[in-house]
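>>> quick one, structure for this:
(chains A and B)
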Amino acid sequence: MRRRYLAKLAAIAALGALPVGIASAEVSCDGGDARAFAWLDKMASSMHETSYHGVATLQRRDDMQVIQVSHMVAGGASSERLTQLTGQGARVDRHAHPLGCKHPGQMLLKAGSRLSGGDCGIADHYRFSIDGNERVAGRAAVRIRIRPLDVYRYGYQLALDRETGLLLKTVTYGHGDKVLEKFQYANLSLGDSLPGTADVEVVHRAQHPHPDSSSLDAPVRRAWSVRWLPRGFTATDSPQAVSGRRSYTDGLAVFSVFMEELERGLRPGEGVVRDGGTTSYTRGMSLDGQPVLVTVIGEVPVNTARMVADSVNWEQ
Amino acid sequence: MSEKLRESLSALMDDEANELELERLLANAAGDEELRRAWTRYNLARSALGGTPVAHTDIDISAQVRDAIGGRSPGSGSDQRWGQRLRRPLASFAVAASVAATVVIGGQQLAQLGPDAGYEGESAVATSASPVGMLNSLGATAVPASYGTKAVPVLQPATSTAYRQLARQKMSRYMQEHAQHAALNSPQGLIPFARVPEIRE
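Predicted coordinates for the structure are as follows:
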């Protein structure tokens, strides 16, 4: 297990280098329909290179949020904006994100389409199939079903715009095909004209974590590590060993692990809350006599979070 | 512990294990120290979650559960096992599985696990003047002042509720930081920010 982890670390040390199968020629990928991968590929490029704006909904159990989304491309960089039209009324901006800037999650998703190269990538962990047609936001869309191949991740159904490949809808499925979360556009316009601005209360400028940087708002005194990850998950960045956070992705799902040292011990135990597809799992325990609280937050099943939290330990 | 076993254990903890997976776990529990330890830890954590007191027992229940499921004595042949399994009522598997999930590695290890096993001992909590107040110092739960000096009669449910509140509180605190990374590494652009309970500047 340890060796696996070290190998993974080595593989991601040079962020951008994907773990590539060695005996690639003989490997046959069983991840599903090649047409589905072609669509995923189209989605991966269009989500960065297309200008669009629209109104979308995010449904989680009884809650529905309405959000305005815009994505503008100009001069080799993209600007994104998300405005909440319901609830808090906050806005998130990300300006001047270079198009050439690729993150591990995007590359993993792309890897799924490199079936001919013998690298199965994400196809090792999900099965992809075309699942008919649908109309979303008044546009013709192709439906792609993504089923997890193990118990560590959720399933998805994506609806991609036939014309551009843009992701118009995502349904997240838990165990037994239970719908956990549904995101979809209600309308979508292509092109650069900006939508009217809504009244907002809070504006947050989304950070762009550089691979080498670390947000040290709550550093931990000792170096720690996550010693077990579900297959196919890779670090999204390389925070310092004493940073209080680690994040991992398999290309579709992302989870983050937060470590806090406690002044006093507390009774060992765990707590879980779930909002739609998001799990927040908190575990109180003692590592080497030091009481800690480990929290795993992300779009993964509770038990994935539990097993990840269980593997957290100090670096020896 | 193999990945296959780990996956079976995960399924069992989610109450989603099938009979074969449970059988595999039980068969390997005796010889796989790492599996046994992981199983113990998950149960320990889970017992706090569910608020169920764990029975104290010193016997190796895993062998007994295995026999109950297989309906056989240890060491009997596999042909006989399959034959008996076909005749066995379905319910017995469910019962045995729940026993396995909650009790197998429950009590005795809980008692044995000292601080060096990675957890605070039971007694550390029992003798503490203010277990709820202690959680409260983390901001987990609002507690009337009078609780501060009283021993709380039922510790387990109080802890379980407090942990749930703690998980909620951590979600509020960390969701935005998680969304930063989710937004760059999943195919939905800034949408992960829509999941943040309260967006801060």
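
>>> quick one: what helix or strand has B:Ala38 in it?
Counting by DSSP states H and E, the element that carries B:Ala38 is helix B:33-50.

>>> now swap in B:Gln169 and tell me
helix B:155-185.

>>> which positions in that helix come out as buried?
In terms of neighbour count (16 or more other Cβ atoms under 10 Å in any protein chain shown), helix B:155-185 has its buried residues at B:155-156, B:158-171, B:173-185. C-beta coordinates here come from the backbone N, C-alpha and C atoms, glycine included.

>>> quick one: check it for contact with chain A.
Yes. Counting by Cβ under 8 Å from any Cβ of the partner chain, chain A is contacted by helix B:155-185 at B:155, B:159-160, B:162-168, B:170-171, B:174-178, B:180-185.

>>> so which other helices or strands are in contact with that helix?
If you count contacts as 3 or more Cβ pairs under 8 Å, 6 or more residues apart in numbering or on different chains; DSSP states H and E, helix B:155-185 packs onto helix A:104-111, strand A:245-249, strand A:254-261, strand A:269-275, strand A:278-287, strand A:290-298, helix B:33-50, helix B:131-136.

>>> distance to A:Thr50 and mean neighbour count for these - can I get that in TSV?
Output for these, formatted as TSV (distance: least, Cβ to Cβ, whole Å; neighbours: other Cβ atoms under 10 Å in any protein chain shown):
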stretch	distance to A:Thr50	mean neighbour count
helix A:104-111	15	22
strand A:245-249	22	26
strand A:254-261	22	23
strand A:269-275	30	22
strand A:278-287	27	26
strand A:290-298	27	24
helix B:33-50	44	20
helix B:131-136	49	20
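
>>> residues contacting A:Gly277?
A:60, A:154, A:172, A:174, A:180-181, A:299, B:195 (Cβ atoms under 8 Å, 6 or more residues apart in numbering or on different chains).

>>> farthest pair in these?
The most widely separated members of the contacts of A:Gly277, counting by Cβ to Cβ, are A:Gly174 and B:Arg195 (15.4 Å).

>>> the more surrounded of the two?
It is B:Arg195, of A:Gly174 and B:Arg195, that has more neighbours when counted by other Cβ atoms under 10 Å in any protein chain shown, with 23 against 17.

>>> for the one helix or strand A:Glu181 maps to, buried residues please.
Secondary-structure assignment from DSSP H and E places A:Glu181 in strand A:179-190. For strand A:179-190, the neighbour count (16+ other Cβ under 10 Å) marks A:180-185, A:188 as buried.

>>> contacting chain B as well, which ones from those residues?
A:Phe183.

>>> for the buried residues of strand A:179-190, which one is nearest chain B?
A:Phe183 (5.9 Å; Cβ to the nearest Cβ).

>>> dig out what that closest one forms beta bridges with.
Here A:Phe183 sits in beta bridges with A:Leu58, A:Thr170, going by DSSP bridges.

>>> hang on, it packs against A:Ala159?
No. Counting by Cβ atoms under 8 Å, A:Ala159 is not a contact partner of A:Phe183; they are 10.2 Å apart.

>>> now do the shared contacts for those two.
When contacts are counted by Cβ under 8 Å, 6+ apart, A:Phe183 and A:Ala159 have A:169-170 as shared neighbours.

>>> what about the residue nearest to B:Ala179 when sequence neighbours are not counted, neighbour count?
Of all residues not flanking B:Ala179 in the chain, B:Pro192 sits nearest, at 4.2 Å (Cβ to Cβ, 6 or more residues apart in numbering or on different chains). Other residues near B:Pro192 come to 26 when the count uses other Cβ under 10 Å.

>>> so where's chain B uncertain?
Residue ranges of chain B with pLDDT under 70: B:15, B:44-159.

>>> A:Gly100: what's it in contact with?
A:Gly76.

>>> just to revisit the earlier point, show me the contact partners of the strand holding A:Glu181.
A:50-60, A:66, A:69, A:136-139, A:154, A:159, A:161, A:164, A:166, A:168-174, A:195, A:274, A:276-278, B:188, B:191, B:194.

>>> can we see that at 7 Å?
Contact with strand A:179-190 is made by A:50-60, A:136-139, A:154, A:164, A:168-174, A:276-277, B:188, B:191, as judged by Cβ atoms under 7 Å, 6 or more residues apart in numbering or on different chains.

>>> among those, which are located in strands?
The strands, defined by DSSP state E, take in A:52-60, A:136, A:139, A:168-173 from these.

>>> for A:Ser78, which non-adjacent residue is spatially closest?
A:His97 (5.0 Å).

>>> try A:Phe255
A:Gly298 (2.5 Å).

>>> okay, and the beta partners of that neighbour?
Beta-bridge partners of A:Gly298, counted by DSSP bridges, are A:Phe255, A:Thr279.

>>> identify the residues contacting it.
A:Gly298 touches A:253-256, A:278-279, B:178, counting by Cβ under 7 Å, 6+ apart.

>>> just put those residues in JSON lines and tack on distance to A:Leu82.
Below are these laid out as JSON lines (distance: Cβ to Cβ, whole Å):
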{"residue": "A:Ala253", "distance to A:Leu82": "20"}
{"residue": "A:Val254", "distance to A:Leu82": "17"}
{"residue": "A:Phe255", "distance to A:Leu82": "21"}
{"residue": "A:Ser256", "distance to A:Leu82": "19"}
{"residue": "A:Thr278", "distance to A:Leu82": "16"}
{"residue": "A:Thr279", "distance to A:Leu82": "22"}
{"residue": "B:His178", "distance to A:Leu82": "15"}
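
>>> out of these, which is nearest to A:Ser247?
A:Ser256 (4.3 Å).

>>> ok, that closest one to chain B distance?
4 Å (Cβ to the nearest Cβ, to the nearest Å).

>>> next up, the contacts around that residue.
A:Ser256 is in contact with A:245-247, A:297-298, B:174, B:177-178, B:181, counting by Cβ under 7 Å, 6+ apart.

>>> count of residues packed around the residue nearest to A:Thr86 when sequence neighbours are not counted?
Counting by Cβ to Cβ, 6+ apart, A:Thr86 lies nearest to A:Val66, which is 4.7 Å off, once chain neighbours are set aside. Residues lying near A:Val66 (other Cβ under 10 Å) number 15.

>>> ok, now which ones touch A:Val66?
Contacts for A:Val66 (Cβ under 7 Å, 6+ apart) come out as A:55, A:57, A:85-86.

>>> got a markdown table for the residues you listed, with pLDDT too?
Output for those, formatted as a markdown table (pLDDT from 0 to 100):
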| residue | pLDDT |
| --- | --- |
| A:Val55 | 96 |
| A:Thr57 | 96 |
| A:Leu85 | 93 |
| A:Thr86 | 91 |
